[in-house]
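1. Prediction below, plus the sequence it came from.
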Amino acid sequence: MSKFKISYAQCMPFRRIDEHLLIRTINRRYISRPAGKFRRTDEHLLIQRRDTDFVLFIEEANSAYRLIMGRDAGFVLLDTGSPKSFKRSDAEISILMDKISDNNDGLLEEISSHIGCRKIIGLIGSDILKDKDVSIDPLSETIIFSPPTGNEAHYKGVKTGIGMIMGIPTIEFEIDGKKHTAFIDTGARLSYISHELTENIKPAQKGVKDFYPLLGRFDTDVYSLEISIGSERIAMNFGTLPPPLQAAIGITGINSIIGSEILKTFAMHISIAGGFIILARIEQPIPPEYSKERWLQRFKATPSMYLTDSLLMYDFKHSFAGDKDIIAEIKKRSAMLSEGAAHTYLKYLLVMAETRKGAWW
């Protein structure tokens, strides 16, 4: 049985697959060592065959570091556009002590097939998120779930209010000075807007494929528009919904959807309980996935307290070994930490970089 539990504020790594936010879940096996007792002679613990089912973590608990060699339990889709959360019948998923109880194996199988992801074991919807804060950082590819803090001043960016309609968060935006309201749907790879707003615009792309659960695949033309959210002006691409979906959301009085595309431009902190969202513009380009530059960007963007929850060790490629830039950054980061699980994690990472031995070679 797959088990996935977040009991307190927790940082989780995610993958963007077909522009969907998929949280990586792990069934973990622990190998304990006394605190600070990892040695270079322990390198054999890092040597495993390259297998996407394996992930390495290091945790600190009860004065001992634990090297975790876990098997991939699957992915959980973060979908603010779904009012209900559900899971596979053979999975246990809880977020900050809220347990997902509804099962829907068939729908998750359909979603997995459409996204092209081999195993999605659950979907986190707005019913679970309504009393939590969620921070999504595209640079480090991490999602932090936490109780509502009321400390939104700690987050930099543009703050604007959000509402709730039929259990789904909404946000106001403007086009040409006219106000509109959209659902915030992190489960949608494309954003959508009503046909009326695109009548006099030529599409930037024609016949782009998308899908909607239970409806299946459909084609849509995509239009490039500039919108405003708060003081931010954002260039975005919008599709137009097929008539059945347009009619379905039209009964709410809302004709637009802001999808996960916005996370190409902004990090997002959303508090449904607090009634606000903060958008922090990403000021640097994101290099190609799995490149050395992208790995370094993720490494620098991941706070030290969340290093052990990251997939940086898992994503360390053979070609990175011996790279002077990577070794220098690891040493620089390590020098800032004198002890703790993150410091031990960096020691292992340095072994991989300097000795050309790694977790998957």
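-> On my side now, so go ahead. Numbers count the residues shown, from 1 in each chain.

2. Can you list the low-confidence ranges for the stretch 251-361 of the chain?
-> 356-361 (pLDDT under 70).

3. Apply 90 and report the result again.
-> 251-253, 255, 283-284, 289-290, 303-319, 321, 336-361 (pLDDT under 90).

4. Break down it into its strands, ranges please.
-> Secondary structure of the stretch 251-361 of the chain (DSSP state E, counting those that start in this stretch): strands at 256-258, 266-271, 276-281.

5. which of the ones you listed is buried the deepest?
-> strand 256-258 (a mean of 24; mean count of other C-beta atoms under 10 Å). Every residue, glycine included, has its C-beta placed from N, CA and C.

6. one step back: columns distance to residue 338 on top of the strands of the stretch 251-361 of the chain, output as a markdown table?
-> Listed next are these as a markdown table, based on distance: least, C-beta to C-beta, whole Å:
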| stretch | distance to residue 338 |
| --- | --- |
| strand 256-258 | 44 |
| strand 266-271 | 29 |
| strand 276-281 | 30 |
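
7. Can you tell me which of the ones you listed is nearest to residue 293?
-> Smallest distance to residue 293 across the strands of the stretch 251-361 of the chain (C-beta to C-beta): 18.8 Å, for strand 266-271.

8. who wins for proximity to residue 163 among the strands of the stretch 251-361 of the chain?
-> strand 276-281 (10.5 Å).

9. quick one: that closest one to strand 266-271, angle?
-> Orientation check (axes from the mean of the first three to the mean of the last three C-alpha atoms, to 10 degrees): strand 276-281 against strand 266-271 gives 170 degrees.

10. picking up where we left off before, and of the strands of the stretch 251-361 of the chain, who's closest to residue 100?
-> Of all those, it is strand 266-271 that lies closest to residue 100, at 19.0 Å by C-beta to C-beta.

11. That closest one: how far from the chain's middle?
-> Taking C-alpha atoms, centre = their mean, to the nearest Å, one finds strand 266-271 lying 11 Å from the centre of the chain it belongs to.

12. what's it packed up against?
-> The contact analysis (3 or more C-beta pairs under 8 Å, 6 or more residues apart in numbering; DSSP states H and E) places strand 266-271 against strand 133-137, strand 276-281.

13. want to throw those into JSON lines with distance to residue 309?
-> What follows is the helices and strands packed on strand 266-271, written out as JSON lines (distance: least, C-beta to C-beta, whole Å):
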{"stretch": "strand 133-137", "distance to residue 309": "12"}
{"stretch": "strand 276-281", "distance to residue 309": "21"}
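
14. closest one to residue 198 among the ones you listed?
-> Among those, the nearest to residue 198 by C-beta to C-beta is strand 276-281 (23.9 Å).

15. rewinding a little: how about the helices and strands packed on strand 266-271, which one is nearest residue 249?
-> Set against residue 249 and scored by C-beta to C-beta, the helices and strands packed on strand 266-271 come closest in strand 276-281, at 19.6 Å.
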